[in-house]
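**Student:** the amino acid sequence is not available; the structure is as follows:
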């Protein structure tokens, strides 16, 4: 039975301070960058070189010296002799003089003597000559060495989940290998009603799929019966870095998992003034952090997003996940119990309206189907009236 | 050389109309719901039953008849006899009478005769008796059968990418198997400069990782040299539903892929008034759609998001992907070439400010590292001034 609920801030503080008691192992693997998408970067990665590495054409066209065509116009066309081609594969090596121009393809090296590129769309070709009828600005259509990214500029931060776009940045700047972090999170669900199949263990699947998207390696430890022996044997079946126990954390008789952790290790906190997720707890067993969370899907997600992931990221010195917020007008009032932080699932409608979805246990499916984001109601706020403009945090997964 | 650029709307219209010429095979697999996350639903899925299937407690507490405790107060406490327990695993079967109450756990069936549940937090227990000091509303803390989701209500739509949350909805409502769509998209990159390694083939990796997140099955067809024979043999190496050719689509000499498609099949369009991505084209070879896109990473992504994916979704009758928009103030002006639709990558700053990133070829890496979203500038708009509030579409991946 939870008697002393603490605030989320207190819980996070206690969890952070527990770092010194934890035996955290850093399992780091160096992998080829091309396999890095979706994994967690274990170190800051900086560009090993300037990019572009040399002055290049940003378009397909003709490289020339802009000074030479300054006065070009329809009535005063200037002819340039095409003396070669510069492609990404085969740069043109000579230096251009006066009236000379060179065909360049996008990404091809800008020949010495040229300072700008006339785009194909503006090029008039007459045999071996380019007719220029409009002046060019110096540096027009040119990418200068290092203008995009400088040597030493940061591409990845430790703890960042590597996106497909970051893969491009790594490959383009020549980062072949990088260190990624493998964090194994064991998930054990408890409850005779799960074992019997009378209650479906959806929470375990939800957590596994969500943890994958966070870049972690979830380990399915299965379902334990409501007794210490079974919990212990399943919990220790595989080596994991962090443990999550679902179910049996409520204020009811089934406080079994909490009592198990208390008897096997110790409890740091149990019960947070947040909704959903108020039965969330944290303990330590032999140096391993053990989160105890509700077996209800939405409550488990809120515990993951607001307690488990932020603490793991603190313990391992990862940068936090960047969230996105949308301003929207509530189309219905939202009420809050003072002293509690509430996470209200909302659906975003056309025209930046937000519809609050049910927050009680009953709205499990409809709210999970329809939610686009979360509205946080702070502890000292009684609620928001209809029509209020609020910030909605978009769902991460 | 592209002479006739068409508008994006025209390109989409031509692409849609080409459906009748395509030989589209629907490869559908029935799989266990627990493996469905990230895949594309091949059919609408409706709930096979009411959820909850019976009246249940939404909390841990005591089930009772609210009429019996109507007048309860601190000065007039009413005692109820605790006669049993109802858990999700073991429902209480008897009917409650007058002063009887039953302990219920969250998700436990509400016993007949009860209409509400007193939460543990408000419960005072004295031996075998519950002391009630506050009235309850009828239906308080109860989830009624079907109140969350009705039998026949839609959970998934054809073409939807199945999220972890939808997995919960499927499992909770008892959907065991469902049909998913496997769409194989072959990606062949062309260019001697890619084969030689002088230019890195980042676009192929970017497309593969992004297509995976769209729920498609990308097939890496490798890199072809700049000749028809090599393109043909690599393109036909594996059976695919849709083909993407990257590179060799520009207005320069290397129009090879477009000429290849023209000579082997036919071209439907080539050249769209959009930036980046203006060299995007579509052809058909033996009933298979063949997209031709730029080999530059950002242009290829814009082609994927705005041309390829919308057309595939139309051809296969999938619902479109739901995008999210954030209102933000531009901290710098954005200019557009009239007649072109521009996709400007922006970084979202604190306080709903948006910083436009470089749009020329030169900003490949910095803009891909820093972008949070895309600002679309329509064809008939010359740009947006600094300070303008605009809608930013958040990046999907």
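**Tutor:** Thanks, I have it. Since this is a predicted model, take the numbers as computed values, not measurements.

**Student:** name the helices or strands packed onto the helix or strand of chain A with the lowest mean pLDDT?
**Tutor:** Of all helical and strand segments in chain A, the minimum by mean pLDDT, DSSP states H and E falls on helix A:364-370, at a mean of 84. Packing partners of helix A:364-370 (3 or more C-beta pairs under 8 Å, 6 or more residues apart in numbering or on different chains; DSSP states H and E): helix A:297-303, strand A:341-349, helix B:164-172. No exception for glycine: its C-beta is placed from N, CA and C like everyone else's.

**Student:** wait, residue A:89 touches residue B:196, no?
**Tutor:** Yes: assessed by C-beta atoms under 8 Å, residue A:89 is found in contact with residue B:196 at 6.0 Å.

**Student:** neighbour count for those two, which is higher?
**Tutor:** Each of residue A:89 and residue B:196 has its neighbours counted (other C-beta atoms under 10 Å in any protein chain shown); residue A:89 has more, 18 against 13.

**Student:** tell me which element that one falls in.
**Tutor:** Under DSSP states H and E, no helix or strand contains residue A:89.

**Student:** mind listing what it touches?
**Tutor:** B:191-193, B:196, B:198-199 (C-beta atoms under 8 Å, 6 or more residues apart in numbering or on different chains).

**Student:** for it, which non-adjacent residue is spatially closest?
**Tutor:** residue B:193 (3.7 Å; C-beta to C-beta, 6 or more residues apart in numbering or on different chains).

**Student:** correct me, but that neighbour touches residue A:106?
**Tutor:** No: between residue B:193 and residue A:106 there is no contact under C-beta under 8 Å: 10.8 Å.

**Student:** what touches both of these two?
**Tutor:** residue A:88.

**Student:** what is the neighbour count of residue A:126?
**Tutor:** Neighbour tally, residue A:126, other C-beta under 10 Å: 10.

**Student:** ranges for the helices of the stretch 51-200 of chain A?
**Tutor:** A:164-172, A:192-195 (DSSP state H, counting those that start in this stretch).

**Student:** any idea of the mean pLDDT for the last one?
**Tutor:** Model confidence over helix A:192-195 averages 87 on the pLDDT scale.

**Student:** and that helix, how far from the chain's centre?
**Tutor:** Computed by C-alpha atoms, centre = their mean, to the nearest Å, the chain-centroid distance of helix A:192-195 equals 35 Å.

**Student:** now tabulate the contacts of residue A:89 in JSON lines and tack on distance to residue A:315.
**Tutor:** Shown next, in JSON lines, are these (distance: C-beta to C-beta, whole Å):
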{"residue": "B:191", "distance to residue A:315": "46"}
{"residue": "B:192", "distance to residue A:315": "50"}
{"residue": "B:193", "distance to residue A:315": "46"}
{"residue": "B:196", "distance to residue A:315": "46"}
{"residue": "B:198", "distance to residue A:315": "44"}
{"residue": "B:199", "distance to residue A:315": "42"}
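
**Student:** of these, buried ones?
**Tutor:** B:191-193, B:199 (16 or more other C-beta atoms under 10 Å in any protein chain shown).

**Student:** which of the residues you listed sits closest to chain A?
**Tutor:** Distance to chain A across these (C-beta to the nearest C-beta) is lowest for residue B:193, with 3.7 Å.

**Student:** residues touching the closest one, list them.
**Tutor:** A:87-89, B:199.

**Student:** distance check, it against residue A:319.
**Tutor:** Residue B:193 is 36 Å from residue A:319, where distance means C-beta to C-beta, to the nearest Å.

**Student:** next: residue A:131.
**Tutor:** For residue A:131, the distance to residue A:319 - C-beta to C-beta - is 54 Å.

**Student:** which bits of the stretch 51-200 of chain A sit near chain B?
**Tutor:** A:51-52, A:58-60, A:87-89, A:103, A:105-107, A:120-121, A:141-144, A:147-149, A:155, A:163-169, A:171-173, A:191-193, A:196, A:198-200 (C-beta under 8 Å from any C-beta of the partner chain).

**Student:** now the strands for the stretch 201-350 of chain A?
**Tutor:** Using DSSP state E, counting those that start in this stretch, the strands found in the stretch 201-350 of chain A span residues A:217-224, A:242-246, A:266-270, A:274-275, A:281-285, A:288-293, A:325-330, A:334-335, A:341-349.

**Student:** what's the mean pLDDT across the second one?
**Tutor:** Averaging pLDDT along strand A:242-246 yields 97.

**Student:** off-centre distance for that strand?
**Tutor:** Counting by C-alpha atoms, centre = their mean, strand A:242-246 comes out at 22 Å from the chain centroid.

**Student:** tell me what angle it forms with strand A:217-224.
**Tutor:** Per axes from the mean of the first three to the mean of the last three C-alpha atoms, to 10 degrees, the angle that strand A:242-246 makes with strand A:217-224 is 40 degrees.

**Student:** buried ones in strand A:242-246, by neighbour count?
**Tutor:** A:242-246.

**Student:** domain map for chain A?
**Tutor:** A:8-27+A:182-315, A:32-51+A:157-180, A:56-143, A:325-394 (automatic domain parsing).

**Student:** can you say which of those domains is nearest to residue B:214?
**Tutor:** domain A:32-51+A:157-180 (11.0 Å; C-beta to C-beta).

**Student:** where does the stretch 151-300 of chain A dip in pLDDT?
**Tutor:** Where the stretch 151-300 of chain A drops to pLDDT under 70, the residues are A:249-254.

**Student:** again, 50 this time
**Tutor:** Along the stretch 151-300 of chain A, segments meeting pLDDT under 50 span A:251.

**Student:** ok, and what's touching the longest helix anywhere in chain A?
**Tutor:** If you go by DSSP state H, chain A has its longest helix at helix A:202-213. Contacts of helix A:202-213 with the rest of the structure, by C-beta under 8 Å, 6+ apart, involve A:38, A:185, A:187, A:189, A:217-218, A:220, A:223, A:244, A:246-247, A:294-297, A:300-301, A:304, A:396-397, B:34, B:37, B:164-165, B:167-168, B:171-172.
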